[in-house]
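> Generate a structure from the sequence data that follows.
(one chain, ligands or ions: 1)
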Amino acid sequence: MPDRHPEQRLRWDLFCRVIDNYGDAGVCWRLAADLAARGHAVRLVIDDAAPLAWMAPAGAPGVRVQAWDEPLHGPGDVVIEAFGCDPPPAFVQAMAAGAAPPVWINLEYLSAEDWVERSHGLPSPQANGLSKWFLFPGFTPRTGGLLREPGLLARRAAFDGRAWLAARGWDAAPGERVALLFSYANPALPALLAALAEAPTLLLVPPGPAQAAVAGAAPPPGLRVRPLPHVSQPDFDHLLWSADLLFVRGEDSLVRAVWAGTPFVWQVYPQHDGVHHDKVEALLGRMALPPPVQALWRAWNGRPGAAWPGLPG
Ligand code: TRH
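So this is what the prediction gives:
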């Protein structure tokens, strides 16, 4: 990659196709906004900007959002395609035609598996003479790491979660713990609700399959369920910071749960071939969690043979 001064202001083109759920747009928006906050100019080219209306209603200075089929003038300094989404062919041609082609990065999915260290940073030579460079986010120094905005942990430390919830009318009653449930459809949900109800609990449930599932039945006594509207990405962090226990899913909310510093259980994005269980094991292998917590993670992810263990005391 070119040797550039780190403080140089670069022009970044970030390409994103929304496949399903919120993570494609969520990861790309977070990266775009963070780059812009560090002084760079970002074009976010996205085929479905609808989630940004609630994720980032105010946009961000320095980020220009463009539709996928809008005409694009030539590339800037760095081109990122998220999750192998293949930028439009005409744009790729323009990348190769310039006197100083941009650096071309393929931002991959997050995984804690060992092979990520071997694949991170590898080039993939393309027919047009350019190379794509693989950027694998990850949990070790030999990966691309995790996105974290400057000052995030200090903001988290100064945050008053109960006051923030109360200001929104989502108050916890005295003595109630607050749990957040952001998950895919999950057959273990009734068992989780019963376990949460063993102590007074306010369960905050963002939109999605879990919200649809809890809406269908009265919660067990001891559990108050509050369905939430979509909130902006900064407020999604505030939600995570306000809870005592988190159930998160996918990629971005996993990372945000890590930065929240709150006990969490992760539901991996399920894949038909079952390889998602390896991803859960890989992440468990990087965290020294007590066996009952590991058992809960496995049961929540539907690992074959994993019986529901209840919530660790
Ligand atoms: O929505 P997800 O399940 O996205 C998934 C994963 O990224 C998965 O790895 C990928 O393969 C698949 O998409 C295509 O979960 P994730 O990654 O946590 O993304 C949710 C994003 O939505 C995150 O950026 C936070 C944001 N969000 C808000 O900003 N406000 C909200 O109210 C909610 C519910 C989410």
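> Give me the buried positions along the helix or strand hosting residue 134.
Per DSSP states H and E: residue 134 is located in strand 131-135. Within strand 131-135, the residues that count as buried by 16 or more other CB atoms under 10 Å are 132-135. In this view, the C-beta of every residue, glycine as well, is placed from N, C-alpha and C.
> Let me have these in a markdown table, extended by pLDDT.
Shown next, in a markdown table, are the buried residues of strand 131-135 (pLDDT from 0 to 100):
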| residue | pLDDT |
| --- | --- |
| 132 | 97 |
| 133 | 98 |
| 134 | 98 |
| 135 | 98 |
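> from the residues you listed, which single one is nearest the ligand?
Nearest to the ligand out of the buried residues of strand 131-135 is residue 135 (CB to the nearest ligand atom; 15.5 Å).
> Assign a three-state SS to the residue nearest to that closest one when sequence neighbours are not counted, would you?
Closest residue to residue 135 apart from its sequence neighbours, by CB to CB, 6 or more residues apart in numbering: residue 144 at 4.5 Å. Look at residue 144: counting by DSSP: H, G, I helix; E, B strand; the rest coil, its state is coil.
> burial count for residue 144?
Other residues near residue 144 number 17, with proximity taken as other CB atoms under 10 Å.
> what do you get for residue 190?
Per other CB under 10 Å, the neighbour tally for residue 190 reads 14.
> how about the closest residue to the ligand within the stretch 101-250 of the chain, what does it touch?
For the stretch 101-250 of the chain and the ligand, the shortest gap (CB to the nearest ligand atom) falls at residue 250, measuring 2.5 Å. Contacts for residue 250 (CB atoms under 8 Å, 6 or more residues apart in numbering) come out as 21-23, 267-269.
> and if we set it to 7 Å?
For residue 250, the contact set (CB atoms under 7 Å, 6 or more residues apart in numbering) comprises 21, 23, 269.
> Whichever of the residues you listed end up buried, select them in ChimeraX.
The ChimeraX selection below is limited to those of these classed as buried (16+ other CB under 10 Å):
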select :21,23
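> now, among the contacts of residue 250, which is nearest to the ligand?
Nearest to the ligand among the contacts of residue 250, with distances taken as CB to the nearest ligand atom, is residue 23, at 1.9 Å.
> So the closest one versus residue 285, what's the distance?
Applying CB to CB, to the nearest Å, the value for residue 23 to residue 285 is 23 Å.
> and the longest helix along the chain, what does it pack onto?
With secondary structure taken from DSSP state H, the chain has its longest helix at helix 23-37. Other helices and strands packing on helix 23-37, by 3 or more CB pairs under 7 Å, 6 or more residues apart in numbering; DSSP states H and E, are strand 11-16, strand 41-46, helix 52-55, strand 63-67, strand 78-82, helix 233-242, helix 252-260.
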